[in-house]
Structures are given as C-alpha cells and as structure tokens.
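**Q** can't give you the sequence, but here's the structure:
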C-alpha cells in the first residue's frame with residue numbers, strides 16, 4: 001500500500017514514475033477519488049503500468065496469472081483462433 005495523491009510523499013504517482021510499480025489496483029469510491037484515479041491512470045499510461053479499477057477485473061487477473069504459472073494457460077496468436 002502507498003500514499004494516495006496529495007496524502008503524503010512518495011505517493012502512488014511518484015512510485016510509478018520511479019519504476020517501483022508494475023501493476024496498480026485501484027477501486028475508487030465516490031467523487032473525491034476522481035482526482036486520484038485520473039492521476040494514477042495518466043501515470044500508468046505514461047510509464048506503461050496497467051491499472052485495474054474493479055474487484056472483478058483484479059480477480060480475473062489473479063486467476064489468469066495462477067493459470068499461467070501452473071502451465072494451464074498459454075498465449076496464442078489471434079490468427080490461430082481463426083485458422084489463418
């Protein structure tokens with residue numbers, strides 16, 4: 001866990017900028033979180049860090065990572081699905 005934007009330093013954007021974050025999971029609540037969410041998304045886009053914003057999406061990513069690590073899932077080209 002890290003500080004939100006404007007709640008202390010280094011905050012989440014500082015960590016993203018410094019390459020210390022590889023994945024952000026942020027489940028915003030209410031209108032006050034809009035500033036944090038926008039700053040996090042922009043930092044993620046600028047520095048190539050994915051940002052997950054729902055619990056369901058985070059759960060799906062966890063399941064996918066577990067499947068890859070267990071050798072149950074592999075990446076294939078989209079063209080392979082369509083027989084090209």
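**A** Thanks, I have it. Here the structure is a predicted model, which means the values were calculated and not measured.
**Q** check what pLDDT residue 28 gets.
**A** Per-residue confidence (pLDDT) for residue 28: 78.
**Q** how about it, what does it touch?
**A** Listed by CB atoms under 8 Å, 6 or more residues apart in numbering, the contact set of residue 28 reads 34, 36, 37, 53. In this view, the C-beta of every residue, glycine as well, is placed from N, C-alpha and C.
**Q** show me those that map onto strands.
**A** Nothing among the contacts of residue 28 maps onto strands, per DSSP state E.
**Q** of those residues, just the buried ones, PyMOL syntax please.
**A** Burial among those is assessed by 16 or more other CB atoms under 10 Å; the matching PyMOL selection reads:
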select buried, resi 36
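**Q** ok, the spatially most central residue of the chain to residue 81 distance?
**A** By CA atoms, centre = their mean, the chain has its centre lying nearest to residue 51, at 2.7 Å. For residue 51, the distance to residue 81 equals 27 Å [CB to CB, to the nearest Å].
**Q** thinking again about what came up before, wait, doesn't the residue nearest to the centre of the chain sit right on residue 42?
**A** No: between residue 51 and residue 42 no contact is recorded; they are 9.7 Å apart, counting by CB atoms under 8 Å.
**Q** check contacts around residue 27.
**A** Residue 27 neighbours (CB under 8 Å, 6+ apart): 53, 54, 55, 58.
**Q** remind me which helix or strand it belongs to.
**A** Assessed by DSSP states H and E, residue 27 sits outside every helix and strand.
**Q** let's see the pLDDT reported for residue 84.
**A** Residue 84 is assigned 61 on the pLDDT scale.
**Q** if you could redo that for residue 32, that was the one I meant.
**A** Residue 32 is assigned 69 on the pLDDT scale.
**Q** once you drop chain neighbours, what's closest to residue 35?
**A** Take residue 35 and drop its neighbours on the chain: the residue closest to it by CB to CB, 6 or more residues apart in numbering is residue 5, 6.4 Å away.
**Q** shouldn't the one you found be in contact with residue 39?
**A** Yes: using CB under 8 Å, residue 5 is in contact with residue 39, at 4.6 Å.
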